[in-house]
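Enquirer: Need coordinates for the following:
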Amino acid sequence: MEELQGALQAGWLTVSNFPDKGRSLVTTRDFYPGEVIMSQEPYVCVPNNSRCDGCFTDTNLKKCSACQVVCYCGSVCQKLDWKLHRLECQALSKLDKERRKSVTPTIRLMVKLYLRRKLQNEKVISVTATDNYDLVEALVSHMSDIDEKQLVLYAQMANLVNLILQLPEINIKEIAENFSKFACNAHTICDSELRPLGTGLYPIISIINHSCLPNAVLVFEGRLAVVRAMQHIPKGDEVLISYVETAASTTTRQKALKEQYFFSCTCSRCIKAGQYEDIEESAILEGYRCRDNGCSGFLLRDSDDKGFVCQQCGLLRDKEEIRNIASDIKAMSDKVLKSNSSGNHQDSVFTYKNIEKLQKQFCHPFSISLMRTREKLLEILMQLKDWKEALAYCRLTLPVYQRVYPGSHPLLGLQYYTCGKLEWLLGETDEAIKSLTKAVDVLRITHGTSTLFMKELLMKLEEARAEASYKLSSRDE
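Expert: Next comes the predicted model:
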């Protein structure tokens, strides 16, 4: 712990223990928006299926000829990973073909964890203050909070890992406990557009606690986890990121945190639970709209339990009417899942539009579920290259994004970026410049400016400005 404190202090950070939170990461100087607070390579990581184990790309893949489980995009990634994969390959090669099919990314993550510990113990891989197995041991497992069904699953997974490794120094109980640590400490590794690529264990990043109003954001540059300040963080303040989707009611966020991380959040947003402001926000994000289309009020259940009353105009929506519309939406949602699985995009668009039509009658205009339907339509329309309609749906999502996310949230920046790209494709250069500028203003804080992703965004903005300037000069002539 002293060595870790020394390493963190060099980066103007320290680990403190708070009675209600346990270990916490605290700043020892001011940090400003966009500034890197810390970064860490994973202790172990695995890609999602059909990706390179080294760089997580999904192109030019070849399976390891020996184990037939792990993929690489070329010799460079394979050589860099060889110290660890040599042992993993030997272990996996001993399994029969059917058993190898049950080696999921999570199983591989655990196998790699123990093999890396072994290599560090044997001094094949170096040990540092910020890269050692002691940091993994210090993570909380919450084993006492897990239900029996989950414990049985962890025991079954631990048995498979034990069978693969066959190392005398580990036992089933220890492996099962580490699976529990993975569940509440591992991070989903994403690309610059927050699309999931794999899973990694970052023991120091895991010290950072949660807030539904975070002051920092975690992004990934390849496999490197990078934490940047989203706002000014004064010296002595705790660094806080969000563990869950924050575009949700307090009840929904608390449920997600309790189920996966086994704690109740007491951030400045959550302590308002039950207060009028929080009740209103929950009713807007997850409740129903007034039956008067000209009214923007939110609805609360009436005292007689006959339905829901608009808090602005007083109109009542019948409980039975709401139940019927909700039932229709669910039936359509089930149907669209089948369309998605069959790859029939046109059918999916048709069904999602019908869902949207019902949700517009049913949900508040700032409803999260309506926003999700429009996101889905945007995604499919872009796959179909229907740029005009895709832009229309992108624009419909923006007011909700602006309401539910802080001004420097990466998802807001990425939505501005999508809007800007579509506007430019459709020749709306001036609008594209506005959207791309907003995207840069947000994403330079969350993503920095040195990554390939950000360089491409900045280049697009410059090209759009040059195009607008050329059009203007052409008109003047």
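Enquirer: rest of the way, CA atoms for contacts and neighbours
Expert: Will do.
Enquirer: where exactly do the helices run in the stretch 251-400 of the chain?
Expert: Counting by DSSP state H, counting those that start in this stretch, the segments of the stretch 251-400 of the chain that form helices are 276-286, 319-342, 345-362, 368-383, 387-404.
Enquirer: Now render those helices as CSV, adding mean neighbour count and distance to residue 313.
Expert: Converted to CSV, these look like this (neighbours: other CA atoms under 10 Å; distance: least, CA to CA, whole Å):
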stretch, mean neighbour count, distance to residue 313
helix 276-286, 18, 15
helix 319-342, 14, 18
helix 345-362, 18, 17
helix 368-383, 19, 23
helix 387-404, 18, 23
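Enquirer: okay if I get those as a markdown table plus distance to residue 464?
Expert: As requested, the helices of the stretch 251-400 of the chain are arranged in a markdown table below (distance: least, CA to CA, whole Å):
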| stretch | distance to residue 464 |
| --- | --- |
| helix 276-286 | 35 |
| helix 319-342 | 35 |
| helix 345-362 | 31 |
| helix 368-383 | 21 |
| helix 387-404 | 17 |
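Enquirer: Would you single out the least confident of those?
Expert: Set side by side, these differ in mean pLDDT, and helix 319-342 is lowest with a mean of 86.
Enquirer: follow-up on the earlier one: residue 223: which of the helices of the stretch 251-400 of the chain is closest?
Expert: For residue 223, the closest of the helices of the stretch 251-400 of the chain is helix 368-383, at 25.7 Å, according to CA to CA.
Enquirer: okay, the angle between that closest one and helix 319-342?
Expert: 30 degrees (axes from the mean of the first three to the mean of the last three CA atoms, to 10 degrees).
Enquirer: what's the closest of the helices of the stretch 251-400 of the chain to residue 411?
Expert: It is, among those and with distance given as CA to CA, helix 387-404, at 7.9 Å.
Enquirer: what's the angle between the closest one and helix 368-383?
Expert: 150 degrees.
Enquirer: Averaged pLDDT, the helix or strand just after helix 387-404. What do you get?
Expert: Next in sequence after helix 387-404, counting helices and strands by DSSP states H and E, comes helix 410-425. For helix 410-425, mean pLDDT is 98.
Enquirer: same question, stretch 82-95
Expert: For stretch 82-95, the per-residue pLDDT averages 96.
Enquirer: for the helices of the stretch 251-400 of the chain, which one sits closest to residue 237?
Expert: helix 387-404 (24.4 Å).
Enquirer: What is that closest one packed up against?
Expert: With contacts taken as 3 or more CA pairs under 8 Å, 6 or more residues apart in numbering; DSSP states H and E, helix 387-404 sits against helix 368-383, helix 410-425.
Enquirer: which one of those helices lies closest to residue 16?
Expert: helix 410-425 (28.0 Å).
Enquirer: which is the next helix or strand following that closest one?
Expert: helix 429-447.
Enquirer: what's the helix or strand of the chain with the lowest mean pLDDT in contact with?
Expert: The weakest-scoring helix or strand in the chain, judged by mean pLDDT, DSSP states H and E, is helix 319-342 (a mean of 86). Residues from elsewhere that reach helix 319-342, judged by CA atoms under 8 Å, 6 or more residues apart in numbering: 306-308, 345, 347-348, 351-352, 354-355, 358-359, 362.
Enquirer: returning to what we had before: out of the helices and strands packed on helix 387-404, nearest to residue 86?
Expert: The nearest among the helices and strands packed on helix 387-404, by CA to CA, is helix 410-425 at 38.0 Å.
Enquirer: list the buried ones in the closest one?
Expert: For helix 410-425, a neighbour-count test (16 or more other CA atoms under 10 Å) marks 410-424 as buried.
Enquirer: So which of those residues is the closest to residue 129?
Expert: residue 410 (30.9 Å).
Enquirer: how about that closest one, what does it touch?
Expert: Per CA under 8 Å, 6+ apart, neighbours of residue 410: 442-443, 446.
Enquirer: In the sheet, which residues pair with residue 317? Tell me.
Expert: residue 308 (DSSP bridges).
Enquirer: burial count for it?
Expert: 23 (other CA atoms under 10 Å).
Enquirer: Compare the helices of the stretch 251-400 of the chain and give me the one nearest residue 35.
Expert: helix 387-404 (22.9 Å).
Enquirer: quick revisit: now for the contacts of residue 410, which sits with the most neighbours around it?
Expert: That'd be residue 446 among these, by other CA under 10 Å, with 28 neighbours.
Enquirer: about what we covered before: now the contacts of residue 410 in TSV, with distance to residue 55 and pLDDT?
Expert: Below are those laid out as TSV (distance: CA to CA, whole Å; pLDDT from 0 to 100):
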residue	distance to residue 55	pLDDT
442	26	98
443	23	98
446	22	98
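Enquirer: my guess is residue 420 meets residue 438, correct?
Expert: No. Residue 420 is not in contact with residue 438 according to CA atoms under 8 Å; the separation is 9.1 Å.
Enquirer: Pretty sure residue 297 sits against residue 314.
Expert: No. Judged on CA under 8 Å, residue 297 makes no contact with residue 314 at a distance of 9.0 Å.
Enquirer: out of those two, which sits in the more crowded spot?
Expert: Neighbour comparison, residue 297 and residue 314: the larger count goes to residue 297, with 24 against 13 (by other CA under 10 Å).
Enquirer: and the more buried one, what does it touch?
Expert: Residue 297 touches 289-290, 310-313, counting by CA under 8 Å, 6+ apart.
Enquirer: and the closest residue to residue 133 other than its chain neighbours, what helix or strand is that in?
Expert: In this structure, residue 133 finds its nearest non-sequential neighbour in residue 117, 6.1 Å apart by CA to CA, 6 or more residues apart in numbering. Per DSSP H and E, residue 117 falls inside helix 105-121.
Enquirer: List the contacts of that helix.
Expert: 43-49, 84, 87-88, 125-127, 132-133, 157, 160-161, 164-165, 175, 178-179, 200.
Enquirer: Residue 77 reaches residue 57, doesn't it?
Expert: No. Residue 77 is beyond contact range of residue 57, at 10.5 Å (criterion: CA under 8 Å).
Enquirer: before we move on, the earlier item: nearest to residue 228, of the helices of the stretch 251-400 of the chain?
Expert: Of the helices of the stretch 251-400 of the chain, the one closest to residue 228 (CA to CA) turns out to be helix 387-404, at 20.4 Å.
Enquirer: what's the angle from that closest one to helix 410-425?
Expert: 150 degrees.
Enquirer: related to what we said a few turns ago, okay, now the residue nearest to residue 133: neighbour count?
Expert: Residues near residue 117, counting by other CA under 10 Å: 17.
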